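Asks: One predicted model, sequence on top.
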Protein chains: 2
Amino acid sequence: MSIEKVAHLAGVSKATVSRVLNHNPGVRPDTRAKVLAAIDICDYQPNLLARQLRTAQSHMLLVLIPDITNPFCSRVVQGIEAEAEAQGYHILLCNSGSQLRREAAYIALLTGKVVDGVITMDAAACLQELKELIGDAPWVQCAEYDPSIAASSVAIDNKEAAFETVCYLASKGRRRIALVNCDMRYLYSHQREEGYRNALEKLDLNWGSVAYAENVSCDAGSAALRELLMLPERPDAVFAVSDVLAVGVIHAALEAGLRVPEDLAVVGFDGINFTSSLNPPLTTIEQPMNRMGARSVQLLLNRIRQPNSPVVHEVLPWKRVERASS
Amino acid sequence: MSIEKVAHLAGVSKATVSRVLNHNPGVRPDTRAKVLAAIDICDYQPNLLARQLRTAQSHMLLVLIPDITNPFCSRVVQGIEAEAEAQGYHILLCNSGSQLRREAAYIALLTGKVVDGVITMDAAACLQELKELIGDAPWVQCAEYDPSIAASSVAIDNKEAAFETVCYLASKGRRRIALVNCDMRYLYSHQREEGYRNALEKLDLNWGSVAYAENVSCDAGSAALRELLMLPERPDAVFAVSDVLAVGVIHAALEAGLRVPEDLAVVGFDGINFTSSLNPPLTTIEQPMNRMGARSVQLLLNRIRQPNSPVVHEVLPWKRVERASS
DNA sequence: CTGTTAGCGCTTTCAA
DNA sequence: TTGAAAGCGCTAACAG
């Protein structure tokens, strides 16, 4: 089932079979027909490895994600996959848990020519180490990026989104607005906290408080709220930097006998699917997850096709989705 | 940076470099040292494509999933990925949306030797078509399988789980137990419905009703409940074949002014993460998602390493997790 | 329009 | 213990 057998069967040379396979013009119709018939008759499947080795491109993209079970990540991956497929590329997934050892194993595939480029979603704090491994292979940083690294990025304006969210809550009459943040390895946690603080200042709100969740899970969100509820003056609104945390916040609030939104307004971040089916439905800042993924692929392919195309830092729009929780 | 350059630099032959690379015994220590030094000096990275072509194995596994944003799927993928990595394999992800065209493009990588085997999570109804494409390449069916296909499978006993769940609800005093099912392309939807009906019969419950959700989403779950609430006699319990549907059921129930569980008990299926942070927390039938993924990898590797090892249909245990919704 | 030939970079006999 | 040489299956000059 190699190209040579097909050539024999069709009574032509390997080169001609190759031409037919690659839709090369300049093959006489009847020759083409002979070849096609031979291919059909022996159910020939080209060995893609050999082709990739020869052409020095694999049409595969590596995607490094900290946690595929995080709904935000999986939606972005969906966008990546769809766009990659549309452009004739396949994706190789590494669910890294942000463990450098696992990532290194996958990045060896990059240097080993098994993939043509890489998209990362790792926390900004890991990016310098990744830089060491990736070198200057084609690379796009998605959602999280390190401004000092010369690789393109796709993200939203987190500072602005956070600023506007606090203003929104204030406009609803809230005066004690707390932030539920996660750990500071993420660029977004810095940026959203900065937006939060700027807004408090701008609005002359003298009450402010930040609780840090141990990780991005519902339980950690609940724990963060319980912490806030122990304050001498309780918050009347919570802005959580992720929907998953917000789910935990609402859960703990109801458990503590508070009404949402009457006693405590809650706003989340990301716009993952099921938040509209919570009780109450969650107000959130929606990120264009599919588009972030798709755009990352486009920038990466630009880079792959024209290695010295400029690095770009793309900022995509976000959107507030108002629901009953605020 | 080819193996040849390294050989030159070290003053040995390509073969020797290859031996060192593959930790082949029978290389004199000082020769090895020379080679290692040369590798280091020119920062050599082996071309994995060439190696794969030569050895005729890629150490890559293809994973076909209908929807990566479905939390059940992403948890299984997590298990697959972890086990694959532990065994020195990488995974290539196809988020197919159950579109045969997309799957075919990925399966070409199987026949094209880019991957060594495939794990599918597609609905049973698609499996015969996939069989055509996959032929007799190493294949494991995960969660969904077609008993008539000669490929191994990993799943739970859905009929039993559904049967027991209805008995459990009945033991809590429920008498009008409805089923919220999804479309019947899935094997599990048949099996769980069968278990449900068997239990009604066994328990002499003469009230029974099934609502079919259009797809596996919260909204579809809500719609299904609304349908059930229009019945002359309303259910006092709902068993949903997926947690995502159950979230929608609870949402619609509360919206309709019902109390959960007082007026309506709700049980879900799968055991995805955030259901314990709902209000009320969801009772569910937990599937061993990580383990299902991991076991699939093991069976697949058995098959890859010993092509005529027997086909096995593995049945894993499930577990009821009782929470406040029932 | 088609065939011949030379590799892509690696592993693996077979000899020495 | 090491080297020479063949070849995995394909594509891409270069001739004809």
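Replies: Great, that's in hand.
Asks: rest of the way, CA atoms for contacts and neighbours
Replies: Noted.
Asks: need the strands for the stretch 201-326 of chain A, in chain order.
Replies: Secondary structure of the stretch 201-326 of chain A by DSSP state E, counting those that start in this stretch: the strands cover A:208-212, A:237-240, A:265-270, A:283-286, A:313-316, A:319-321.
Asks: pLDDT averaged over the shortest one - what is it?
Replies: In this model, strand A:319-321 carries a mean pLDDT of 98.
Asks: Give me every residue in the stretch 151-300 of chain A that's in contact range of chain B.
Replies: Applying C-alpha under 8 Å from any C-alpha of the partner chain, we find that the stretch 151-300 of chain A lies next to chain B at A:218, A:219, A:244, A:247, A:248, A:251, A:254, A:274, A:277, A:278, A:279.
Asks: In terms of helix, strand or coil, where does the residue most central in space within chain A fall?
Replies: Nearest residue to the geometric centre of chain A (C-alpha atoms, centre = their mean): residue A:76, 4.2 Å. Counting by DSSP: H, G, I helix; E, B strand; the rest coil, the backbone at residue A:76 sits in helix.
Asks: circling back: need the residues of the stretch 151-300 of chain A next to chain B in TSV (columns: neighbour count, pLDDT and distance to DNA strand C).
Replies: Shown next, in TSV, are these (neighbours: other C-alpha atoms under 10 Å in any protein chain shown; pLDDT from 0 to 100; distance: C-alpha to the nearest atom of the strand, whole Å):
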residue	neighbour count	pLDDT	distance to DNA strand C
A:218	27	97	46
A:219	22	97	47
A:244	26	97	45
A:247	30	98	50
A:248	25	98	50
A:251	26	98	54
A:254	16	97	60
A:274	17	91	48
A:277	21	97	53
A:278	21	96	54
A:279	23	95	57
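Asks: and residue A:79, how many neighbours?
Replies: Counted with other C-alpha atoms under 10 Å in any protein chain shown, residues neighbouring residue A:79 total 22.
Asks: hang on, the earlier thing: could you dump the strands of the stretch 201-326 of chain A to a markdown table with mean neighbour count?
Replies: Compiled in a markdown table, the strands of the stretch 201-326 of chain A are given as follows (neighbours: other C-alpha atoms under 10 Å in any protein chain shown):
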| stretch | mean neighbour count |
| --- | --- |
| strand A:208-212 | 18 |
| strand A:237-240 | 28 |
| strand A:265-270 | 27 |
| strand A:283-286 | 24 |
| strand A:313-316 | 16 |
| strand A:319-321 | 16 |
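Asks: Quick one: closest of those to DNA strand D.
Replies: In terms of C-alpha to the nearest atom of the strand, the element of those nearest to DNA strand D is strand A:313-316, at 32.4 Å.
Asks: got the contact list for residue A:6?
Replies: Contacts for residue A:6 were tallied using C-alpha atoms under 8 Å, 6 or more residues apart in numbering or on different chains; they are A:14, A:17, A:35, A:38, A:39, A:42, A:44.
Asks: Tell me which helix or strand it sits in.
Replies: Per DSSP states H and E, residue A:6 falls inside helix A:3-10.
Asks: Work out the gap between that helix and the centre of the chain.
Replies: In terms of C-alpha atoms, centre = their mean, to the nearest Å, the centre of helix A:3-10 is set 45 Å apart from its chain centre.
Asks: ok, it near DNA strand C or not?
Replies: No. For a cut-off given as C-alpha under 7 Å from any atom of the strand, helix A:3-10 has no contacts with DNA strand C; the smallest distance is 7.8 Å.
Asks: buried ones in that helix?
Replies: A:3, A:5, A:6, A:7, A:9, A:10 (16 or more other C-alpha atoms under 10 Å in any protein chain shown).
Asks: Keep those residues, but drop any that are not near DNA strand D.
Replies: Among the buried residues of helix A:3-10, DNA strand D is touched by residue A:3 when using C-alpha under 7 Å from any atom of the strand.
Asks: Could you tell me how many residues sit around the one residue in the stretch 201-326 of chain A that gets nearest to DNA strand D?
Replies: Across the stretch 201-326 of chain A, no residue is closer to DNA strand D than residue A:305, which sits at 14.4 Å (C-alpha to the nearest atom of the strand). Applying other C-alpha under 10 Å, we find 11 other residues in the vicinity of residue A:305.
Asks: what's the answer for residue A:105, then?
Replies: With other C-alpha under 10 Å as criterion, residue A:105 counts 15.
Asks: And the pLDDT at residue A:52?
Replies: For residue A:52, the model assigns a pLDDT of 97.
Asks: Just to check, it is in contact with residue A:60?
Replies: No. Contact between residue A:52 and residue A:60 fails when scored by C-alpha atoms under 8 Å: they sit 10.1 Å apart.
Asks: what sits up against stretch A:283-292?
Replies: With C-alpha under 8 Å, 6+ apart, stretch A:283-292 has contacts from A:72, A:75-80, A:142-143, A:154-156, A:161, A:165, A:243, A:266-272, A:316-326.
Asks: likewise stretch A:46-64?
Replies: Under C-alpha under 8 Å, 6+ apart, the answer for stretch A:46-64 is A:2-3, A:88-96, A:103, A:106, A:110, A:113-122, B:49-50, B:52-53, B:109, B:111-114.
Asks: Mind listing what's buried along it?
Replies: For stretch A:46-64, by 16+ other C-alpha under 10 Å, it's A:46-50, A:52-53, A:57-64.
Asks: now do stretch A:142-161
Replies: Going by neighbour count (16+ other C-alpha under 10 Å), the buried part of stretch A:142-161 is A:142-146, A:151-161.
Asks: Now intersect those with the helices, please.
Replies: A:158, A:159, A:160, A:161 (DSSP state H).
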